[in-house]
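*Asks:* pasted the sequence and its predicted model underneath.
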Amino acid sequence: MSSKCIPILLLILLLMGLSGCKPSELPGKHTYFVNDHKYVGQLLDGDFHGEGEFTRKDGTRYAGHWEHHQLFRGSVIRTDGFEYEFDGNLFHIHRVLKEGIVVGEGIVHLTNGDRYTGYIDIRGHFFGRGILLHPDGTQEIGLWKDSKLFKEVDFELDKSGILKFDTELKDLAESRIPELDHLLREASILAIQRYFDSGELTSEELVLYYIYRIYHYDVNKLNSVLELNPDALTIARKLDRERENKKQRGNMHGIPVLLKDNIGTGDKLHTTAGAKALADARSDRDAFLVGQLRNAGAIILGKCNLSEWANLLTYPLPSGFSGLGSQTRNPYGRFSTGGSSSGSAVAVAANFATVSIGTETTGSLTSPASQNSIYTLKPSLGLISRDRIIPVSNAMDSAGPMARNVTDLSILLTTLVGVDPSDPVTKDAESLSGIDFSQYLVGDGLEGKRIGIVNYSYYESKEGGQLLEKVVSLFRKTGAEVSLIHLPNPKPRLDFGKMYNYSLKRGVNRYLSNVGDNTSMTNLEEVIAFNEKDSIDRIPFGQSKLKYSQQNSVTPAEYEEMTRKGKNDTQNYIRKLLKDRQVDFLLTLRSRFSTIYAPAGFPALTIPVGYSRSGEPVGLTLVGDYLTDAELIAAAYAFEQKHQLVKPSKLK
């Protein structure tokens, strides 16, 4: 690789997060320049990797161990002589390149013996909610700005929406917990129903068990759950009585479900999008899909944390962060949770509920599923109603099931599907309404299927190449034919920024108008103004995307044309690939194809495929044509039954 190519390559890699020139694994340390910044170290697939040092043009040095452009362990030396060491996923080079942009949370060990836990920016300044522990044991706790304590507040967020079952938990004997751990660790919905039928378990005890786990492993730890339903145990007892009276409603009877907190419920739960501006907000009624769940006998256990406003708050925003819920964490280690359905994915991976519901505009289901070693389906647009879900884009938004296995995924999907007069696009998917997707759980679902692996330069690295070989081998062992596909140019180009700027404001204003007096906010402008009054606490990362949306100048006609053209271009692109390459499905790593399948409205199913050398979960995503959701379920089930690659997360 020529030295002239390096600056251009890295600029593309760093600012866009994509590969440009030929990436490779370069042995030893080399020197690279990016906009007058300097990196001395090793590249792996274009990423900073291993031991290295990045020096900004202002002289600030970041030295330590890098993985995927992230500095995990090391030190920061500022030009003013201030130096500190840290251990944690703090710095991402995309953000280091931009002066003053915040980078995330972690634990910082300062050279004077102080230890800071909280958020920092690239200047090394503490900001937002944090705690500074001095060597003598004294503490400074509160909101920080420019490394100075700005306002004293509790370090831990208010969890009163969760911590309200202390009395009830006393009914769950400590000796029973190990038994339930063994019984439920990998139990499917069908297995749980058998436990119900045999008397080994009740819905009430199952709800208590999940609450116990949330108390012990989630509160101020993983932060995946925002709020628990105060009526969950009452509902569970009612459903237990129905079962005793031989009135079981189906496979979802008595099964606890967690919802992403942008899905409306007409009960005591709030619907907030993770925003402090909506902390008091409730939906005026159940979303259509929530009604489907209740009719099937499911228990709405609570609401999950998310990337605030479904990642339409600001840039950059750490996946899984919200003002109300703080930072959601990956149960497998110090890895990204993916987003924006971060809490829904983490909660399932950590066994805080049997299943959950997330939502996606582009990658918000498939990304966190991949990062947390679970299954999800981003369904064909219209298969699941978007009614009373806080929107991002009516052209792409979809809810979807999240589960630890394909059986649960299919059962939950069957419950959610239906034609809803409040969401006319569901009429387009009417042919799949009423189908029991569990009938597609057959062992030969991949037999003779042709899979086209969309080639990304990640596969050219050593680890990526090994993953590619593994994936090809696994699919062939399951009866599929596999080939590599290079994406042809020109690829569809959509201006997502313009589209979201228009659709977010329109959708949020309409949603707030619909819920009426159930929230004190009436439009996006009021949300922005509320945030500005206490920005350090309410929006520590800013709200640039909300502001862009409020200032949007796109006209309704321009938006409709953008979405129409985007849909046509992406549908034609995928269908041409499927036809020309003679394949049934496209396969991509994680959710790298989401900017093409999402605007097309096509289904995408994420399958856990293993773990990286560092233990980070890795998933792949199968993409099919419109309304091939059942075929994707069959393929995923066949793969799962043959290989069984998921390792349960180990919580402390």
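*Replies:* Cool, got the structure. Residues are numbered from 1 along each chain as shown.
*Asks:* quick check: residue 346 is in a strand.
*Replies:* No. Assessed with DSSP: H, G, I helix; E, B strand; the rest coil, residue 346 is helix; it does not lie in a strand.
*Asks:* contacts only, for the closest residue to it other than its chain neighbours.
*Replies:* Here the nearest residue to residue 346 in space, its sequence neighbours aside, is residue 224; by Cβ to Cβ, 6 or more residues apart in numbering that works out to 3.9 Å. In this view, the C-beta of every residue, glycine as well, is placed from N, C-alpha and C. Shown in contact with residue 224 (Cβ atoms under 8 Å, 6 or more residues apart in numbering): 218, 304, 305, 328, 342, 343, 344, 346, 347, 350, 352.
*Asks:* so who does the second one touch?
*Replies:* Contacts were defined as Cβ under 8 Å, 6+ apart; by that measure residue 304 touches 224-226, 258-261, 341-344, 346-347, 356, 358.
*Asks:* one more pass at 7 Å, please.
*Replies:* By Cβ atoms under 7 Å, 6 or more residues apart in numbering, residue 304 lies in contact with 224, 225, 226, 258, 259, 260, 261, 343, 344, 347, 356.
*Asks:* for residue 504, see how far away the residue positioned nearest the centre of the chain is.
*Replies:* Nearest residue to the geometric centre of the chain (Cα atoms, centre = their mean): residue 339, 2.7 Å. Counting by Cβ to Cβ, to the nearest Å, the gap from residue 339 to residue 504 is 16 Å.
*Asks:* same check, this time on residue 41
*Replies:* Plainly put, residue 41 is 39 Å away from residue 504 if you go by Cβ to Cβ.
*Asks:* any idea which helix or strand comes after the longest helix belonging to the chain?
*Replies:* Counting by DSSP state H, the longest helix found in the chain is helix 556-580. Remark: after helix 556-580, the chain's next helix or strand is strand 585-589, criterion DSSP states H and E.
*Asks:* and that next one, what's its mean pLDDT?
*Replies:* Strand 585-589 comes out with an average pLDDT of 93.
*Asks:* name the helices or strands packed onto it?
*Replies:* Packing partners of strand 585-589 (3 or more Cβ pairs under 7 Å, 6 or more residues apart in numbering; DSSP states H and E): strand 450-454, strand 617-623.
*Asks:* just the ones you listed: most buried one?
*Replies:* Stretch with highest mean neighbour count among those: strand 617-623 (a mean of 26; mean count of other Cβ atoms under 10 Å).
*Asks:* can you name the residues in contact with that one?
*Replies:* Residues contacting strand 617-623 (Cβ under 7 Å, 6+ apart): 332, 366, 369-373, 467, 471, 585-591, 593, 597, 602, 604-612, 632, 635-636.
*Asks:* could you find the lowest-pLDDT member of the contacts of residue 224?
*Replies:* The lowest pLDDT within the contacts of residue 224 belongs to residue 328, with 93.
*Asks:* might one say that that one is in contact with residue 344?
*Replies:* No. The pair residue 328 / residue 344 is not scored as a contact, 9.6 Å apart, by Cβ atoms under 7 Å.
*Asks:* neighbour count for the two, which is higher?
*Replies:* A count of neighbours by other Cβ atoms under 10 Å puts residue 344 above the other of residue 328 and residue 344, at 38 against 34.
*Asks:* for residue 226, see how far away the more buried one is.
*Replies:* 11 Å.
*Asks:* can you check residue 355 too?
*Replies:* Counting by Cβ to Cβ - residue 355 and residue 226 are separated by 17 Å.
*Asks:* next: residue 183.
*Replies:* 27 Å.
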